[in-house]
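Colleague: Sequence below, structure please.
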Amino acid sequence: MKLGEVVLEAKDGGTPPRNNPNNFGGDINWCVVKDIQKEIFQSKEKLTQEGINNSSAKVWPVGTIIISLGATIGEVGIARVPTATKQGLAGIVVDETKVIPEFLAYVLRNKKRIIQHMARGGTIKEVRPSRLLKELDIEIPSIDEQKRIISILDKANEIKNVSNQTITVRNEAILSYFEELISHCDDFVNLSEIAELINGDRGKNYPSGTDIVEEGIRFINAGHIVDFSLTKDKEKMNYITSERFELLRGGKIQRNDLLYCLRGSLGKCALIEDDELGSIASSLVIIRPDTDVVNPIFLVWYLRSQYGVRQILRFDNGTAQPNLSAKSVKSYSIPNLPLTKQNEFARFVKKICGMGSVTKLTDTLVNSTMQEMLT
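Modeller: From the prediction side, this is the model:
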């Protein structure tokens, strides 16, 4: 069936004029993309009733599904308090005789990639709520079966959340070791002395939206970087054909490369730990370490540490959008520790991250459970 068959109302949000201070600072929740959680209890910014009256925003009741359909597409949460939304975020009120909101929220999350492919537009693509209702195919089992599936997926996500807490503790331990290691270092070199920086192909062969395919060779952007590695979820990765890949003149990755974000999420980086082919989007640069003088694991943890953040603050030349140049990154100051010390640190990281295999297994189980339950 189509999504519209189980929905009573769906509507985009709105933003009141900011030049009228009376529109903001009230007690009405006004949800933006960053406010979307699995359950939405509050928003950072609030509207007044005047703000609601001066915009196309609607205050949605508790239990409404909130989904982002604008620049960031496919984030889904459920309102646990009455909330309005800005434009690009739609509220969806379901017919609860047919579908439980929590079940449909899981379905929409599972179909995130399909929804993203429905986007239309020029500079900023979006999915209109009416299009979503008319075109998105869903399967809705009985209410009792929905309750069973919700219970299973909730439990799987509880396990995942515990695993994520483990990651946080693990990372804190590694950073503590790292900062102690370099705290007394007084010998630094420019990044360009220990690594090559490689931009992607930004010419006529640069892949456009129409070049993205379901399967093929990875085409990596900053959104594919999760916890300093590439997402393992193939549904979230972008792909291009081998023919398009061969046309690219640069930006092709290899094992031990670091991918580093130059625009938007500055400093977001990932270490490539496999031999699978791939190429980078224009927002990234490849840092290819000389492994005879620097350990890639040491380098990626330096970039993610407070010292790496300080390098960004030295060179960020963005205004509306944070921005770095590859030339600036080449000038980053890197501790010139003996390779033996770096390797010792890398062995520690690998040992403690071995516990992370449990987390990877949990993610795989959660994702496969969702696929099995919701398709």
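Colleague: Strands of the stretch 151-300 of the chain, start to end?
Modeller: 188-190, 195-199, 217-220, 225-226, 229-230, 239-240, 258-261, 269-271, 278-280, 284-289 (DSSP state E, counting those that start in this stretch).
Colleague: go on, the stretch 1-150 of the chain?
Modeller: Secondary structure of the stretch 1-150 of the chain (DSSP E, counting those that start in this stretch): strands located at 7-12, 24-31, 39-40, 46-47, 65-69, 73-79, 83-85, 89-94.
Colleague: phi, psi of residue 82?
Modeller: phi -60, psi 130 (degrees, to the nearest 10).
Colleague: wait, isn't it in contact with residue 60?
Modeller: Yes - Residue 82 is in contact with residue 60 according to C-beta atoms under 8 Å; the separation is 6.7 Å. Where you see a C-beta, it was placed from the backbone N, CA and C, and this is true even at glycine.
Colleague: what residue ranges in the stretch 51-200 of the chain score low on pLDDT?
Modeller: Within the stretch 51-200 of the chain, the ranges that satisfy pLDDT under 70 run 163.
Colleague: Would you map the helices across it?
Modeller: Using DSSP state H, counting those that start in this stretch, the helices of the stretch 51-200 of the chain run over residues 101-110, 112-117, 129-135, 143-182.
Colleague: about what we covered before: which one of the strands of the stretch 1-150 of the chain lies closest to residue 115?
Modeller: strand 73-79 (5.1 Å; C-beta to C-beta).
Colleague: Name every strand pairing with the closest one and say which way it goes.
Modeller: Here strand 73-79 is paired, per DSSP bridges, with strand 39-40 (parallel), strand 65-69 (antiparallel).
Colleague: Now for the nearest residue to residue 350 once chain neighbours are set aside, how many residues are close by?
Modeller: Closest residue in space to residue 350, ignoring its immediate chain neighbours: residue 297 at 7.4 Å, by C-beta to C-beta, 6 or more residues apart in numbering. By the criterion of other C-beta atoms under 10 Å, residue 297 has 23 neighbours.
Colleague: Ok, residue 152 next?
Modeller: Number of residues near residue 152 (other C-beta under 10 Å) recorded here: 14.
Colleague: just the one 5 residues further on next, same as before
Modeller: Per other C-beta under 10 Å, the neighbour tally for residue 157 reads 16.
Colleague: Equivalent analysis for residue 47, please.
Modeller: For residue 47, using other C-beta under 10 Å, the count is 27.
Colleague: One more: residue 158?
Modeller: Neighbour count for residue 158, taken as other C-beta under 10 Å: 11.
Colleague: Tell me who's in contact with residue 78.
Modeller: Shown in contact with residue 78 (C-beta atoms under 8 Å, 6 or more residues apart in numbering): 38, 39, 40, 63, 64, 65, 66, 101, 102, 105.
Colleague: so what's the residue nearest to residue 215 when sequence neighbours are not counted bridging to?
Modeller: Spatial nearest neighbour of residue 215, chain neighbours left out: residue 239 (5.8 Å); criterion: C-beta to C-beta, 6+ apart. The partner list for residue 239 in beta bridges (DSSP bridges) reads residue 213, residue 218.
Colleague: And the helices of the stretch 51-200 of the chain: which comes nearest residue 86?
Modeller: Comparing the helices of the stretch 51-200 of the chain against residue 86 with C-beta to C-beta, the closest turns out to be helix 129-135 (14.0 Å).
Colleague: What strand or helix carries residue 334?
Modeller: Using DSSP states H and E, residue 334 maps to strand 333-335.
Colleague: which ones are touching the spatially most central residue of the chain?
Modeller: The centre of the chain sits closest to residue 223, judged by C-alpha atoms, centre = their mean, with a distance of 4.5 Å. Each residue near residue 223 by C-beta under 8 Å, 6+ apart is listed here: residue 236.
Colleague: sorry, back to before: dump the strands of the stretch 151-300 of the chain to CSV, plus mean neighbour count and distance to residue 33.
Modeller: As requested, these are exported to CSV (neighbours: other C-beta atoms under 10 Å; distance: least, C-beta to C-beta, whole Å):
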stretch, mean neighbour count, distance to residue 33
strand 188-190, 13, 37
strand 195-199, 17, 29
strand 217-220, 22, 22
strand 225-226, 17, 17
strand 229-230, 20, 23
strand 239-240, 19, 25
strand 258-261, 25, 18
strand 269-271, 22, 22
strand 278-280, 24, 24
strand 284-289, 23, 22
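Colleague: With distance to residue 14 added, can I get these in TSV?
Modeller: What follows is the strands of the stretch 151-300 of the chain, written out as TSV (distance: least, C-beta to C-beta, whole Å):
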stretch	distance to residue 14
strand 188-190	49
strand 195-199	40
strand 217-220	34
strand 225-226	32
strand 229-230	37
strand 239-240	36
strand 258-261	31
strand 269-271	37
strand 278-280	37
strand 284-289	34
